[in-house]
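1. return a 3D structure for these sequence lines:
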Amino acid sequence: TKTGTFVADKTQWKVLDARLLELAGLAEVSLFTLGELEKFRRMIEPNVTALATQAADQNDIQAMQAAVTKMINNTQDDAIALYNEADLAFHMALILATHNVIFIQLAPMLNMAIKESIQITCPLDSPEERLQSAEMHGQLINAIRERDIELARYITSHMIFNSLRRGLSLEKERRTSFIP
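-> Predicted structure coming up:
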């Protein structure tokens with residue numbers, strides 16, 4: 001018997017495939033909920049940060065600092081794309097600072113998840129909020145420089161919480177905007 005085209009169950013999709021995420025972004029289609037994304041980030045990012053805190057060298061810290069400086073210099077509304085680019089560069093530098101081959105191999109997938117989160121939440125932020133976020137990234141660099149794993153985990157978790165809070169306010173705003 002012949003069967004036609006069918007769509008596999010969503011649990012079968014490769015939702016973190018860079019090409020699929022790029023296509024979904026172009027089509028303005030979400031492959032997962034903000035809640036799913038933030039749960040993923042809460043599980044992975046503090047552990048990446050802990051590894052980076054143990055393994056980062058001076059070059060890694062300089063790469064992260066360069067990204068934060070670019071973030072700080074691009075907090076205005078007309079520079080959101082540059083700010084986001086710098087934010088992603090920070091997270092890529094953080095992943096590379098683990099010096100862990102497996103995390104480095106997963107970096108494109110992790111970066112796509114972070115990029116999705118940034119694209120959802122950053123446009124909501126005022127320049128002041130973007131500056132506060134950049135400064136928090138700077139605090140994370142200080143914790144990494146001091147090899148303070150628990151503080152680094154805490155700051156990372158706080159950053160993710162702030163991102164989730166902003167994303168949820170956007171979802172709430174979207175729902176209430178449809179009420180007649």
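2. quick check: chain neighbours aside, which residue is closest to the residue nearest the centre of the chain?
-> Centroid-nearest residue in the chain: Ile114, 2.4 Å away (criterion: Cα atoms, centre = their mean). Nearest non-adjacent residue to Ile114, counting by Cβ to Cβ, 6 or more residues apart in numbering: His91, 4.9 Å away. (Each C-beta comes from the backbone N, C-alpha and C, glycine too.)
3. got a pLDDT number for that neighbour?
-> On pLDDT, His91 comes in at 93.
4. can you check the one 4 residues further on too?
-> Each residue has a pLDDT score; the one for Ile95 is 95.
5. which residues touch it?
-> 48, 52, 103-104, 106-107, 110-111 (Cβ atoms under 8 Å, 6 or more residues apart in numbering).
6. what about Ala143, how many neighbours?
-> With neighbours defined by other Cβ atoms under 10 Å, the count for Ala143 comes to 20.
7. can you show me the helices along the protein?
-> Ranges of helices within the chain are 18-27, 34-55, 58-72, 80-96, 101-121, 127-145, 149-177, based on DSSP state H.
8. rank these by pLDDT, which is bottom?
-> helix 18-27 (a mean of 65).
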